[in-house]
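Undergrad: Quick one: sequence plus predicted model below, questions after.
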Amino acid sequence: MVDVQSRPATAVAATKETLEDYTLRFAPRSYRKWSPAVVGVSALGGIAYLADFSIGANVGIANGTGNALLGIGIFAVIIMITGFPLAYYAARYNIDLDLITRGSGFGYYGSVITNLVFASFTFIFFATEGSIMAQGLNLGLHIPLWLGYLVSTLLIFPLVIYGMNTLAKLQVWTTPLWLVLMVLPFVFLLIRHPDSIDSFFAYGGKDGNGVSLSGALLAAGVCLSLIAQIAEQIDYLRFMPPKTPDNARKWWGWMLLAGPGWVLFGAIKQVVGLFLAVYLIANLPGAQNIANQPVHQFLEIYRDMVPSWLAMTLAVVLVVISQIKINVTNAYSGSLAWTNSFTRVTKTYPGRLVFLGVNLAIALVLMEANMFDFLNDILGFYANCGIAWIVTVATDITINKYVLKLSPKQPEFRRGMLYNFNPVGLVGFGLSAVLSIMAFFGVFGATLKPYSPIIAVVIAMAATPLTAVLTKGRYYLRRDHDGIEMDMFDEHGNPSGETLTCHVTGIDFERPDMIASAVPGPEGEIQYISSLALSTDKSGDHVLPPR
């Protein structure tokens, strides 16, 4: 075993910090002590964001209720179909979406591209939620917007430092109050003003052109900007306990509900957001400019229920709780994505907290630039990148692994086992993203512009298996064995909890996280190295040769 003083400082530092949040690797069984219900509730706590209310209001005001409802329906179906294989792999094999992406067509370094797509998602939606919180603070406490943006950013930093242990408690404790504050006004409105239902369905939007396929797809495109939310759900789902005959029903139920099932709650919130916006436009003079802002939506309904001072208090409390619940997840997931990418490329681990600061700083710049005013354009553009990534990975798992059997069924993420780049995912993602973005900007004409999300879906679904067939799947695995004879999985197919000692860090890691080192021991014996230490090996001495 290597002496302590001679162990690489980067590998040791990375090991110590990731013992809490497992930034760069598999989440070990010894850490996953939560029940499926606690993991599921924690994951669903992350969808408490109020951006859905804004998105629903925006697409409805722009395209009318009919088109918005159809678009939201299309969005929900696509999310359910693509989210299931990703959520299952994360919960079953206890790895995040970046690790899944590596072995599902992108390669060890290829998935860095999609990691940056996901990091962009986290700061865009952090900025969206931070803007909503600042609006609430401005309305209720008269705090200037610029200062509200700063407060909503700095408030999150200390809550994200300690990873999953703290986040799980925060999400579970705050969910009941959040549900009451969000659901009660909507129920009250339905009972007190039943005529608002007819107004809602009759609303034609700004143009009033009626229901059309192009209008529905434009609405769906904006909603589909949320497709990368499955990656944030997975950042919780990777901590699911092993699936056994005793807990199988609960395991499946919570995996489905907290995985692809998040979209059911998201779609409902979008519909409610549009409903509240239509009510304000119909009943409050001058509401056209504020009807898409959740704080105003809830404030006006609360005012119909309780005294004005209490209504303002409830509205601000709802906004603050919602913003905190989602933005701790945005900040946490974003810091994981940035750190993972940086460490892989540079072989240096600067610490997750460094990139937590980077992610929050970018979000703050977006907020100060008043990105809320052009939110639809940002989300519509981003949707194409997110769709290209998620659909490519979901297609690789579903088609290439289970139908064509060209992609290894069990996910692989370790350096040395994978090729650095795999054309299967890169071609599928690249073609899908580029062509759909070109369509979004009207390069192919105004007729195809509304169809950019569908173009992204279709191309990713076609190009991914086609590339796998053309390459015969040869670029998935660089090696067919990791040099360790110990079984990778237990009798129920879960990742094994057996441990081996990493000869670089001197720390025990569970079997799925280990690989044989190319550097033999003093007596010529096989030594083992963790995927974490291997990711910071600048010389590459420990990387096994191709096989």
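TA: Yep, that arrived. Numbering: from 1, shown residues only.

Undergrad: For the rest of this, base every contact and every neighbour count on C-alpha atoms.
TA: OK.

Undergrad: Could you find the closest non-adjacent residue to residue 149?
TA: Spatial nearest neighbour of residue 149, chain neighbours left out: residue 134 (5.5 Å); criterion: C-alpha to C-alpha, 6 or more residues apart in numbering.

Undergrad: Tell me, how many residues neighbour that neighbour?
TA: 31 (other C-alpha atoms under 10 Å).

Undergrad: Repeat that for residue 346.
TA: With other C-alpha under 10 Å as criterion, residue 346 counts 12.

Undergrad: could you measure it against residue 155, distance?
TA: As judged by C-alpha to C-alpha, to the nearest Å, residue 346 and residue 155 stand 30 Å apart.

Undergrad: now what about stretch 304-314, what contacts it?
TA: Stretch 304-314 is contacted by residues 140, 181, 185, 188, 299, 300, 302, 303 when judged by C-alpha atoms under 8 Å, 6 or more residues apart in numbering.

Undergrad: Identify the farthest-apart pair in the residues you listed.
TA: Within the contacts of stretch 304-314, 140 and 188 form the most distant pair, 22.1 Å apart (C-alpha to C-alpha).

Undergrad: returning to what we had before: which of the contacts of stretch 304-314 are buried?
TA: Buried by 16 or more other C-alpha atoms under 10 Å: 140, 181, 185, 299, 300, 302, 303, out of these.

Undergrad: correct me, but the third one touches residue 302?
TA: Yes: in this structure, residue 185 is within contact of residue 302 by C-alpha atoms under 8 Å, at 6.4 Å.

Undergrad: Could you export the contacts of stretch 304-314 to a markdown table, including columns for pLDDT, distance to residue 381 and secondary structure?
TA: Listed next are the contacts of stretch 304-314 as a markdown table, based on pLDDT from 0 to 100; distance: C-alpha to C-alpha, whole Å; DSSP: H, G, I helix; E, B strand; the rest coil:
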| residue | pLDDT | distance to residue 381 | secondary structure |
| --- | --- | --- | --- |
| 140 | 84 | 33 | helix |
| 181 | 84 | 32 | helix |
| 185 | 83 | 33 | helix |
| 188 | 87 | 36 | helix |
| 299 | 88 | 31 | helix |
| 300 | 87 | 32 | helix |
| 302 | 90 | 35 | helix |
| 303 | 89 | 37 | helix |
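
Undergrad: any chance of the buried ones among the contacts of stretch 304-314 in a markdown table, plus distance to residue 474?
TA: Converted to a markdown table, these look like this (distance: C-alpha to C-alpha, whole Å):
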| residue | distance to residue 474 |
| --- | --- |
| 140 | 60 |
| 181 | 54 |
| 185 | 56 |
| 299 | 58 |
| 300 | 60 |
| 302 | 60 |
| 303 | 64 |
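
Undergrad: so how far is residue 377 from the residue nearest to residue 149?
TA: 21 Å.

Undergrad: List every C-alpha atom in stretch 119-135, with coordinates, as CSV.
TA: C-alpha atoms of stretch 119-135 as CSV (Å, rounded to 0.1, in the frame of the first residue of the first chain):
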residue,chain,number,x,y,z
ALA,A,119,-25.3,22.9,-15.6
SER,A,120,-26.9,25.6,-17.9
PHE,A,121,-30.4,24.2,-16.9
THR,A,122,-29.6,24.6,-13.2
PHE,A,123,-28.6,28.3,-13.4
ILE,A,124,-31.3,29.3,-15.8
PHE,A,125,-34.0,27.9,-13.5
PHE,A,126,-32.2,29.2,-10.4
ALA,A,127,-32.3,32.6,-11.9
THR,A,128,-36.0,32.1,-12.8
GLU,A,129,-36.9,31.1,-9.2
GLY,A,130,-34.7,33.8,-7.7
SER,A,131,-36.4,36.4,-9.9
ILE,A,132,-39.8,35.2,-8.5
MET,A,133,-38.6,35.4,-5.0
ALA,A,134,-37.2,38.9,-5.6
GLN,A,135,-40.6,39.9,-6.9
